[in-house]
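Asks: Structure for the following, please:
(chains A and B)
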Amino acid sequence: MSDTLLLLPDQATARIPKVNYLTKENGILSWLLTGDHKRIAMLYLVSITFFFFIGGAMAGLIRLELLTPQADLMATDTYNKVFTMHGVIMIFLFLVPSVPATLGNFLIPIMLGAKDLALPKINLLSWYLYVAGGCLVLYTMMSGGVDTGWTFTTPLSTHYLNTNVLSTGIAVFIAGFSSIFTGLNFIVTIHKMRAPGMTWFRMPLFVWSHYAASILMVLGTPVLAIAIVLVALERTIGIGVFDPTKGGDPLLFQHLFWFYSHPAVYIMILPGMGVISEVISTFSRKRVFGYTAVAFSSVAIAVFGFFVWEHHMFIMGVSNYSTLVFSLLTMLVAVPSAIKIFNWTFTLYKGSITFETPMLYAFGFMGLFTIGGLTGVFLGTTGTDIHLTETYFIVAHFHFVMVGGMLMAFLSGIHFWWPKMTGRMYPEKISQLAALITFIGFNLTFFPQFILGTLGMPRRYAAYPPEFQILNVFSTAGASVLGVGYLLPILYLVWSLKYGAIAGNNPWQATGLEWQIQSPPLTENFVETPIMDHEAYDYEWLEKQTAKEVSSVG
Amino acid sequence: MSDSPAVIHGAPEADAHHAHPAWQRHHFETVDQQADATNFAMWLFLLTEIMFFGGLFTAYLIMRNWYYPAFVQGSHQLNIFWGTLNTTVLILSSFTMAMGVWCAETRKKNGLVLCLILTFILGLGFLGIKTIEYSEKIEKHHVPGFHYSMQSFLNPASDPEIYKEYHDQPLRPDMAVHTEVYFSLYFAMTGMHALHMIIGIAILGFMIFRARAGAYTTGHVTFVENFGLYWHFVDIVWIFLFPLLYLISRHANS
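Replies: Residues are numbered from 1 along each chain as shown, chains lettered A, B, ... in the order given. Predicted coordinates for the structure are as follows:
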């Protein structure tokens, strides 16, 4: 009975509409001066992909260096610069803007039934700020690099290093404002631009999770900005807020830095969770189980996320009592994340599941994020944290969340909405293969690092004792497989721009507003302002729509 | 009817030729929605500003608790006359700005231009007075960094003007060194505040030209309103900085 639902619409008759946001205007200036959220999303997509591959190349260098126990591929200080660049690029220039600035930018106005984000010019400004920050990072890299680690730890960054801390700091400051403006734009749009009938609890969960992430961007990022300003002033003028010789406190820097940088983790993962909600629902043909719980769990993550930052500082000499409290709060934040995982699992239960590429990536996300999240609870427990912190266990933990979780979600979303963004399908078979390769490569790379960490291999060193070599060889081999897994999508996605099958409006038979309009959409998204008269993920409504369509044509 | 509800039925098309003012951006349904959205965005931006200054205030509170005597004697070095005058100047500028918003709303072009120019001048006046204060600090080597001198705190009598008024006891050298933290925060906080003033004054200059061309007195006052919010916010930051840096515990004998 349900197989009728799985039939895709006849794509042989579909045509790419002559007028759409890609063809409306031509010329490079029409892109560089655009106010259209969809075009800005594409600009972001191109630029973050560029930086992803630079950051990825750095990761490749790190893994090559760690193939052998000796520091023989590069000098140890070069190694420090390479892993710092890897961190700065991947966090500030890829993970933070990845889903929100591309998919969020493209989809949030459409999902709300609006013509654009509330502040199109600010949106464009945010892209230019991102590019400026990115260029400064490239400048840093070419003029000698920086070796503080992405955390700018004081007094190392203020007193002991003669590398380009300043230009990196300014770059992060600028990229931070790009993120603030994106978040601000989303919040305003979600509050003020919803179409008639689009109540808060009819919004797709993708929008809810972006709302939560935006709150974090708006409230957290300025604190990072001021921390960086103080570091810069300390380096240039020599003020003494963080300098212990003058009575300043390096721990204060840690507090300010992690007050942003822990919520930043949720800035990175929450939008990915939004993608997973959409994909899981679409490919199991069911409304997301416990919609309200999933929506509120996003907000709960955002709120709790602000009160756990000290778990990054357990071994830095903070008081035992605050350690106790922050350890408890850290475990609390696992609850809303678990609520999401359980609800997605219940969504799958008795669903009509199909295994298209976005779904494969979503499965990857669920498994890997669960491992990454649960090892986070190990690290939030003070007893184990003292043993495991500053080892490869930490590296494996956050790569499971960020790469296994977030990057999988990003690729899932890119494949899922590719037909909407470009009007063409990606090739299904090879992309399923790529998803599989990514999953295998990922586990081969990062699972050995959990073992290395428990054995006590410290992070951030170019050399290591020879007994750790076997597991490191596994890890490096996995990284090469992972590299193939990431190169494949860019190749076939570019290929599909010209040769992909034409997608039609709703290739997945999904319920979101974005699937009820043409692909690629018009510049103004909707011909008429839509009126939302049903709940999100209402597949029965969609079935009736389709039934009506067929009868009226026939 | 109920079993075939269409998701995207047309909104009433009656407004296709509905005249709307030129300043309404195409993606808003109504002028009200536009004003509402930009206003809300401005408040959110001010929220980020609060978090930005919040980091500095946190640092101030912690350090003040640790190095209380150093902070008290540090505040003795600030000039209460110039500080109070500056507070007055700034509050006055907030008043002229508020009058400017009122003029824009009631479409009084000349009044608006006058108010903006007055705000501009008062803003510059604030920065001018700040310069006088900063140059006092430079002369006394109270700017943190390589040229910082603890002389006034190790030997208060060497600074007769301040000594006459407060009769400070000499600080122990390990506490006197922390006066540099006080001045670090003083310069970071007032410096960030001054930077916001400079940005505000630049925008004011731009607005004066636009206002003379009559841009804000045709009913579209969002820009003036939102700038007003920004200006008042910068004012409020000073209202917190002034007591924290100049006033509290000034007469406590450390």
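
Asks: Just list the residues touching B:Gly214, thanks.
Replies: B:Gly214 makes contact with B:Lys109, according to C-beta atoms under 8 Å, 6 or more residues apart in numbering or on different chains. Every residue, glycine included, has its C-beta placed from N, CA and C.

Asks: where does it land on pLDDT?
Replies: Per-residue pLDDT puts B:Gly214 at 88.

Asks: Sticking with it, tell me its helix or strand.
Replies: B:Gly214 belongs to no helix or strand when assigned by DSSP states H and E.

Asks: Quick check: phi and psi on it?
Replies: phi 80, psi 20 (degrees, to the nearest 10).

Asks: do the same with A:Asn26
Replies: With angles defined as degrees, to the nearest 10, A:Asn26 sits at phi -120, psi 170.

Asks: Tally up the residues packed near it, please.
Replies: 9 (other C-beta atoms under 10 Å in any protein chain shown).

Asks: got the contact list for it?
Replies: By C-beta under 8 Å, 6+ apart, A:Asn26 has no neighbours at all.

Asks: now the helices for the stretch 201-350 of chain A?
Replies: Under the criterion DSSP state H, counting those that start in this stretch, helices of the stretch 201-350 of chain A are mapped to A:205-236, A:250-284, A:291-305, A:320-348.

Asks: In this structure A:Pro204 contacts A:Glu278, no?
Replies: Yes. Using C-beta atoms under 8 Å, A:Pro204 is in contact with A:Glu278, at 6.3 Å.

Asks: Between those two, which contacts overlap?
Replies: With C-beta under 8 Å, 6+ apart as the test, A:Pro204 and A:Glu278 both reach A:Gly512.

Asks: and these two? which has more neighbours close in?
Replies: A:Glu278 (31 against 27).

Asks: Tell me which helix or strand A:Asn472 sits in.
Replies: Going by DSSP H and E, A:Asn472 is in helix A:469-499.

Asks: Ends of stretch A:524-531, what's the gap?
Replies: One end of stretch A:524-531 to the other measures 16 Å (C-alpha to C-alpha, to the nearest Å).

Asks: Now for residue 39, how many residues are close by?
Replies: Defaulting to chain A. Using other C-beta under 10 Å, A:Arg39 is surrounded by 24 other residues.

Asks: that answer is for a different chain, and I need it for chain B
Replies: For B:Asn39, using other C-beta under 10 Å, the count is 16.

Asks: quick one, what contacts it?
Replies: So B:Asn39 contacts B:222, B:225-226 (C-beta under 8 Å, 6+ apart).

Asks: Looking at those, which are in helices?
Replies: Those of the contacts of B:Asn39 mapping onto helices are B:222, B:225-226, per DSSP state H.

Asks: Is it possible to get TSV of those that adds pLDDT and distance to A:Val484?
Replies: Output for the ones in helices among the contacts of B:Asn39, formatted as TSV (pLDDT from 0 to 100; distance: C-beta to C-beta, whole Å):
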residue	pLDDT	distance to A:Val484
B:Thr222	91	52
B:Glu225	95	55
B:Asn226	95	51
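
Asks: Tell me the one among these nearest to A:Pro419.
Replies: Closest to A:Pro419 out of the ones in helices among the contacts of B:Asn39 is B:Thr222 (38.4 Å), distances taken as C-beta to C-beta.

Asks: Could you pull up the residues touching that closest one?
Replies: Contacts of B:Thr222 by C-beta under 8 Å, 6+ apart are B:34-35, B:38-39.

Asks: Next: A:Met111.
Replies: Counted by C-beta under 8 Å, 6+ apart, A:Met111 has contacts A:203-204, A:206-207, A:512-514.

Asks: closest one to A:Leu493 among the helices of the stretch 201-350 of chain A?
Replies: Nearest of those (C-beta to C-beta): helix A:250-284, 16.4 Å.

Asks: Output the below-cut-off pLDDT ranges for the chain.
Replies: Reading this off chain A. Along chain A, segments meeting pLDDT under 70 span A:1-13, A:548-554.

Asks: Sorry, I should have been clearer: chain B.
Replies: For chain B, the stretches with pLDDT under 70 are B:1-19, B:252-254.

Asks: could you pull out the strands for it?
Replies: For chain B, no strands are identified by DSSP state E.

Asks: neighbours around residue 250, how many?
Replies: Reading this off chain A. 18.

Asks: not what I meant, chain B
Replies: Neighbours around B:Arg250, by other C-beta under 10 Å: 13.

Asks: so what's the closest residue to it other than its chain neighbours up against?
Replies: Residue nearest to B:Arg250 in three dimensions, not counting chain neighbours: B:Ser75, with 5.5 Å by C-beta to C-beta, 6 or more residues apart in numbering or on different chains. The neighbours of B:Ser75, taking C-beta under 8 Å, 6+ apart as the test, are B:182, B:245-250.

Asks: Good, we can wrap up now.
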